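>>> sequence unknown, structure follows:
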């Protein structure tokens, strides 16, 4: 079978999140993706793009991010590539999940959410680019 | 993103978060969330109409709950959608800010 691939190029800038979300909503409707899966994609896109915008070395708007959404019958693959300095989110320290509000640290949950909402999260450095590949099962949320 | 604040009986405040609590949404309500957390001690965050929550929104909720708890108050979450509840659970937020599916139970928990 042939998989369908949708692509979007954006600037490495938080201002692009609205456009990205609109793109995802349109593509999700086109492919009739389940709402739980769309939610997981939505969260992973926001977390990944905000990481890139924060970790990029140059000013906003100067780097681009390439998004590809590949839809197959049984799974969806989201590939996020950027031109920033090497940054492997899978090597980031896991957040300390507190059991008391007094001990709760604020932030650091983005990568944890990406890992928990996807069925796999793989980082590669390829041709001087960061390449993050997330896969999601279509039948149910991971 | 909207934040609707309503006073209930027994000094309980219901804060309804409506829309997408993404990065832009969190920025839009952060000041009002701080004022709410600084001025109220018994807060029910009503999530029934919250369509989207990720790490930035969790940050807003945890900051508010910390402020409320630090002065001896209590904050709880009410009626998250299944997707929002899943995000809260995989982040272990439900163990520090309890989730309720019934307004009366939520009110009792913060009024207690």
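Done, it's in. Given the structure is predicted, the values throughout are model-derived calculations rather than measurements.
>>> all helices of the chain, in order?
No chain was given, so I picked chain A. Ranges of helices in chain A, per DSSP state H, are A:17-31, A:35-55, A:110-117.
>>> my question was about chain B, not that one.
B:23-39, B:55-70, B:82-90, B:103-111.
>>> from the chain's centroid, how far away is the first one?
In terms of CA atoms, centre = their mean, to the nearest Å, the centre of helix B:23-39 is set 11 Å apart from its chain centre.
>>> give me the pLDDT for residue 56.
Went with chain A since none was named. Predicted confidence (pLDDT) at residue A:56: the value is 69.
>>> oops, wrong one, chain B.
Confidence at residue B:56, expressed as pLDDT, is 93.
>>> just residue A:1 next, same as before
For residue A:1, the model assigns a pLDDT of 50.
>>> again, but for the one 4 residues further on
At residue A:5 the predicted local distance difference test score is 95.
>>> equivalent analysis for residue A:92, please.
77.
>>> tell me how many other residues crowd the closest residue to it other than its chain neighbours.
Sequence neighbours aside, residue A:111 is the residue nearest to residue A:92 in space, at 5.2 Å (criterion: CB to CB, 6 or more residues apart in numbering or on different chains). Where you see a C-beta, it was placed from the backbone N, CA and C, and this is true even at glycine. By the criterion of other CB atoms under 10 Å in any protein chain shown, residue A:111 has 20 neighbours.
>>> Provide a list of residues in contact with the closest residue to residue B:97 other than its chain neighbours.
Nearest non-adjacent residue to residue B:97, counting by CB to CB, 6+ apart: residue B:65, 4.9 Å away. Listed by CB atoms under 8 Å, 6 or more residues apart in numbering or on different chains, the contact partners of residue B:65 are A:101, A:104, B:37, B:75, B:96, B:97.
>>> about what we covered before: just name the most buried of the helices of chain B.
helix B:55-70 (a mean of 21; mean count of other CB atoms under 10 Å in any protein chain shown).
>>> and that one with helix B:82-90, angle?
Following axes from the mean of the first three to the mean of the last three CA atoms, to 10 degrees, one obtains 60 degrees for the angle between helix B:55-70 and helix B:82-90.
>>> write out the residues of chain B neighbouring chain A.
Contact residues, chain B versus chain A (CB under 8 Å from any CB of the partner chain): B:22-24, B:52, B:54-56, B:58-59, B:62-63, B:65-66, B:69-70, B:82-83, B:86-87, B:90-92, B:95-97.
>>> now with 6 Å?
B:22, B:54-55, B:58-59, B:62-63, B:65-66, B:69, B:83, B:90-92, B:95-96 (CB under 6 Å from any CB of the partner chain).
>>> wait, residue B:10 touches residue B:111, no?
Yes - using CB atoms under 6 Å, residue B:10 is in contact with residue B:111, at 4.7 Å.
>>> now the residue of chain A most remote from its centre. Nearest residue, chain neighbours left out?
In chain A, residue A:102 marks the outermost C-alpha relative to the chain mean, sitting 30.2 Å out by CA atoms, centre = their mean. Leaving out its chain neighbours, the residue that sits closest to residue A:102 by CB to CB, 6+ apart is residue B:69, at 7.0 Å.
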